[in-house]
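Trainee: task: produce atomic coordinates for the following.
(chains A and B)
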Amino acid sequence: MRPRLLSNRDALAGLLFVTIGAFAFFAARGYPVGTIAEMGPGYFPRTLGCLLMLLGAGVLARGLRSAQPVEGRWAWGALALLTVSMLAFGAGIERIGLVPALALLLPIAALAGREFRPLEMLLLTAVLCLGAVAIFVWGLKLPYALFAWRF
Amino acid sequence: MEFLEHLGLGFGVAMTLHNLGYCLVGVLLGTLIGVLPGVGPLVTISMLLPLTFGLAPVSALIMLAGIYYGAQYGGSTAAILVNLPGETSSAVTCLDGYQMARQGRAGAALAAAALASFIAGCIGTLLIALLGVPLAGWAIEFGAEDYFSLMVMGLVSATVLSSGDTLKAIAMVVVGLLIGLVGTDVNSGMERYTFDVPELADGIGFTVLAVGLFAIAEVMKNLVEPESRTVFRTPLGGMWLRAAEFKAMLAPSLRGTALGAFFGVLPGTGPTISTFAAYMVEKKLARDPERLGQGAIEGVAAPEAANNAAAQTAFIPTLTLGIPGSATMALILGAMVMNGVQPGPTVMTRNPELFWGVIASMFIGNALLVALNLPLVGLWVRLLSVPYRWLFPAIVMFCALGNYTVNGSTMDVYLCAGVGVLGYVFARLDCPPAPLVLGYVLGPLMEENLRRALLLSAGDASVFFTRPISLGFLVVTGLLLLGVMLPRRRRAAPLAEAAP
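Mentor: Sure thing, here's the model as predicted:
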């Protein structure tokens, strides 16, 4: 069975490249191009944008012909949880301090796994927080507040 | 004896107490993290990159090199004991190594791997010392157009020889080049692709890209696949090789070293191809080829030697020309740039103590690996049974915190999360991440040299074809491209044959 476009591995890759290329090209339209002897800041980006669109079109065309499906499942849940865990850490570290930020990151990240054991997670969080503080704050002497309240 | 003088200078730098310390820490950390299941050298290096910033450039590179070969080594331990290759280059070691372990000779297999790696590492390091000087001496004459063509060759050879789809790999290089453009243009001072975000004026950080693309994306990939591994619980057996075994592994180690050294110098080939080639050679040369795959010691020694020799000689193009041959070397090169060392042929003349110090540290590091790992193998075995559900939150934590420490910028953490998602999508669509990193690292240099070459030639693009060195690189590039377009089946063959 031919996979539909949304599960066609190469066609999706091609579309992604075309999108990135188009974005790069249009975002660079305000940069002066200059001449070939004296290239402006826009010359290289625009050339690359065009090139990427062409390459993407090639990958897309080949994907439509060979029709290879994307193998396995997409890990949307894991993807979202890991991303959120890092965003929470980033948002937290300067406002609530290193330890609370890590105490946010670790359990959220751990939820992305297939097996989540609350008690074990509590222990792991404690151990890793202590380890991180030992390495980065006491060992490398980085000036991060362990706890803070700055909003 | 200029060569001995250089080595003397190098050992003088590497033998200072704190550099020895960084070498030891690097080797230990590399092995420790590299041996953990599901954590290969790429993840290890990208995770530990932030730790090396703030050190003096020499110390940082010595430590990174230590992490690099430590992680390589850890990968082969996992391959032998768990039949789990941390990366493609230890896949071949699994074949005979795991069989030996099942026959109760895991200790002998580990010792053979360690010794073969040590022999290869020392010879490989010697080669760097011998070949580096003339190569850099030649490269110092390069003009801007020669550089540009050399980088085109490096990028194309990296994509052509990487396994998989060439067209996608080239597209990934272009994506990398575009990411490298983010930030302030050196020639005009204009900000490109920054979208008025002040943190982007300096560009997207190298650690952000490396950590997101290799570590975070890898975690995401691993979480989908069910975890299946059986840690080897039977006794390891004697760690020492019998005299007959030692004799049986010596010649294969040397052959493996030769093959590995050859492939390592070629930009873009790297360890993986060399291990398969070494295994094939042993299979051809063996009196009873059936034995390979059933726990033959040469089946462990030859690929391990090839792996390590290639890993070592890959430093030659990286250090002398500034052309990294693999994703790992791109990471090392990126780390050099971050540490304020401009890679290329001038490294040796401008920073001789750095160049020779790093080389000398490789001898020391390789010796440390053997000395440390044989006694510590019991510890590594226990590490292998750490469940992934404990590991991956720790990896994410280390990535986030490590990225934050580089610039103290939360933007880097957000960007890293974004790059991780992008990296995962790319991986799912079978787009190789290594060419992207190469493009990112070489992009700014490439643009600079392109602009300079065309400025000097008053816009005459034929300069790339009329200058002999530049033409030579472009011809090789063309041949590489032609070679990959024509016989598609030939490249896949050795893989299929070497598999059991």
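Trainee: which helix is the longest one in chain B?
Mentor: helix B:106-139 (DSSP state H).
Trainee: what's that one packed up against?
Mentor: Secondary-structure packing of helix B:106-139 (3 or more CB pairs under 8 Å, 6 or more residues apart in numbering or on different chains; DSSP states H and E): helix B:2-14, helix B:57-82, helix B:91-102, helix B:243-265, helix B:298-313, helix B:315-316, helix B:346-350, helix B:352-383. Where C-beta positions appear, they are placed from N, C-alpha and C, glycine not excepted.
Trainee: so which of those helices comes closest to chain A?
Mentor: Nearest to chain A, of all the helices and strands packed on helix B:106-139, is helix B:57-82, at 13.2 Å by CB to the nearest CB.
Trainee: packing partners of the closest one?
Mentor: Looks like helix B:57-82 contacts helix B:17-35, helix B:41-52, helix B:91-102, helix B:106-139, helix B:298-313, helix B:327-338, helix B:352-383 (3+ CB pairs under 8 Å, 6+ apart).
Trainee: now the residue of the stretch 401-500 of chain B found nearest chain A. Nearest residue, chain neighbours left out?
Mentor: Chain A sits closest to residue B:459 of the stretch 401-500 of chain B, with a gap of 3.0 Å, by CB to the nearest CB. Closest residue in space to residue B:459, ignoring its immediate chain neighbours: residue A:37 at 3.0 Å, by CB to CB, 6 or more residues apart in numbering or on different chains.
Trainee: got it, and residue B:248?
Mentor: Using CB to CB, 6+ apart and skipping residues adjacent in sequence, the residue nearest residue B:248 is residue B:297, 5.3 Å away.
Trainee: contact partners for the one you found?
Mentor: By CB atoms under 8 Å, 6 or more residues apart in numbering or on different chains, residue B:297 lies in contact with B:96, B:100, B:108, B:109, B:112, B:245, B:248, B:249.
Trainee: check what pLDDT it gets.
Mentor: For residue B:297, the model assigns a pLDDT of 88.
Trainee: then residue B:488?
Mentor: pLDDT, read off for residue B:488, is 52.
Trainee: same check, this time on residue B:236
Mentor: Reported pLDDT for residue B:236: 67.
Trainee: skip ahead from the strand or helix carrying residue B:156 and say which helix or strand is next.
Mentor: Residue B:156 belongs to helix B:144-161 when assigned by DSSP states H and E. Using DSSP H and E, the helix or strand that follows helix B:144-161 in sequence is helix B:166-181.
Trainee: shaky segments in chain A?
Mentor: Chain A contains residues with pLDDT under 70 at A:1-3.
Trainee: which residue ranges form the helices in it?
Mentor: Listed in chain order, the helices found in chain A under DSSP H are A:9-27, A:43-66, A:76-93, A:98-111, A:118-132.
Trainee: which one is residue 137 nearest to, not counting chain neighbours?
Mentor: I went with chain A, as the question did not name one. Per CB to CB, 6+ apart, closest to residue A:137 is residue A:144, 5.9 Å.
Trainee: sorry, I should have been clearer: chain B.
Mentor: Distance criterion CB to CB, 6+ apart; nearest residue to residue B:137, sequence neighbours excluded, is residue B:345 at 7.7 Å.
Trainee: run a quick neighbour tally on that neighbour.
Mentor: Per other CB atoms under 10 Å in any protein chain shown, the neighbour tally for residue B:345 reads 21.
Trainee: can you list phi and psi of it for me?
Mentor: Torsion angles at residue B:345 (phi, psi; degrees, to the nearest 10) stand at phi -60, psi -20.
Trainee: wait, what's in contact with it?
Mentor: Neighbours of residue B:345 in contact, by CB under 8 Å, 6+ apart: B:135, B:136, B:137, B:139, B:140, B:142, B:320, B:321, B:322.
Trainee: report the buried members of the residues you listed.
Mentor: Taking 16 or more other CB atoms under 10 Å in any protein chain shown as the criterion, what is buried in those is B:135, B:136, B:139, B:142, B:320, B:321, B:322.
Trainee: closest to residue A:124 out of those residues?
Mentor: Distance to residue A:124, by CB to CB, is smallest for residue B:322 among the buried ones among the contacts of residue B:345, at 41.9 Å.
Trainee: from residue B:90, how far out is the residue nearest to residue B:248?
Mentor: 16 Å (CB to CB, to the nearest Å).
Trainee: just residue B:247 next, same as before
Mentor: Residue B:247 is 24 Å from residue B:90, where distance means CB to CB.
Trainee: compare these two (neighbour count), which wins?
Mentor: Ranked by neighbour count (other CB under 10 Å), residue B:247 and residue B:90 place residue B:90 first, with 30 against 11.
Trainee: that one: what's it in contact with?
Mentor: Taking CB under 8 Å, 6+ apart as the criterion, residue B:90 is in contact with B:72, B:75, B:76, B:78, B:79, B:275, B:307.
Trainee: try 10 Å this time
Mentor: Residues counted as contacts of residue B:90 (CB atoms under 10 Å, 6 or more residues apart in numbering or on different chains) are B:34, B:40-41, B:72-80, B:84, B:97, B:113, B:271-272, B:275, B:303-304, B:307.
Trainee: most remote residue from the middle of chain A, which is it?
Mentor: Here chain A reaches farthest from its C-alpha mean at residue A:37, the gap being 37.3 Å by CA atoms, centre = their mean.
Trainee: and that one, how far is that from residue B:463?
Mentor: Using CB to CB, we find residue A:37 at a distance of 11 Å from residue B:463.
Trainee: same question, residue A:60
Mentor: Going from residue A:60 to residue B:463 by CB to CB gives 35 Å.
Trainee: can you check residue B:179 too?
Mentor: Distance of residue B:179 to residue B:463, given as CB to CB: 28 Å.
Trainee: looking at these two, which one has more neighbours?
Mentor: residue B:179 (24 against 19).
Trainee: and the nearest residue to the more buried one once chain neighbours are set aside, what is it in contact with?
Mentor: In space, and not counting its chain neighbours, residue B:179 is closest to residue B:440: 5.1 Å by CB to CB, 6+ apart. Taking CB under 10 Å, 6+ apart, we find residue B:440 in contact with B:173, B:175-182, B:203-204, B:206, B:209-210, B:213, B:330, B:334.
Trainee: next, the contact list for residue B:94, please.
Mentor: B:76, B:78-80, B:82-85, B:101, B:299-300, B:303, B:500.
Trainee: ugh, wrong one, I meant residue B:35
Mentor: B:44, B:70-71, B:73-78, B:81-82, B:86, B:373, B:376-377, B:379-384, B:386.
Trainee: just the buried ones from those, in ChimeraX syntax?
Mentor: Only the buried entries of these go into this ChimeraX selection, using 16+ other CB under 10 Å:
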select /B:44,70,71,73,74,75,76,77,78,81,82,86,373,376,377,380,381,383,384,386
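Trainee: for the closest residue to chain B within chain A, give me its contacts.
Mentor: Of all residues in chain A, residue A:37 sits closest to chain B, at 3.0 Å by CB to the nearest CB. Counting by CB under 10 Å, 6+ apart, residue A:37 makes contact with B:451, B:454, B:455, B:456, B:457, B:458, B:459, B:460, B:461.
Trainee: what parts of the stretch 251-400 of chain B come near chain A?
Mentor: Applying CB under 10 Å from any CB of the partner chain, one finds that the stretch 251-400 of chain B approaches chain A through B:387-400.
Trainee: narrow those residues to those in strands?
Mentor: Nothing among these maps onto strands, per DSSP state E.
Trainee: buried subset of these?
Mentor: For those, buried by 16+ other CB under 10 Å: B:388-400.
Trainee: list the contacts for the residue nearest to the spatial centre of chain B?
Mentor: Nearest to the mean C-alpha position of chain B, by CA atoms, centre = their mean, lies residue B:328 at 2.9 Å. By CB under 10 Å, 6+ apart, residue B:328 lies in contact with B:40-42, B:44-46, B:68, B:71-72, B:87, B:89, B:214, B:270-271, B:311, B:314, B:318, B:434, B:437.
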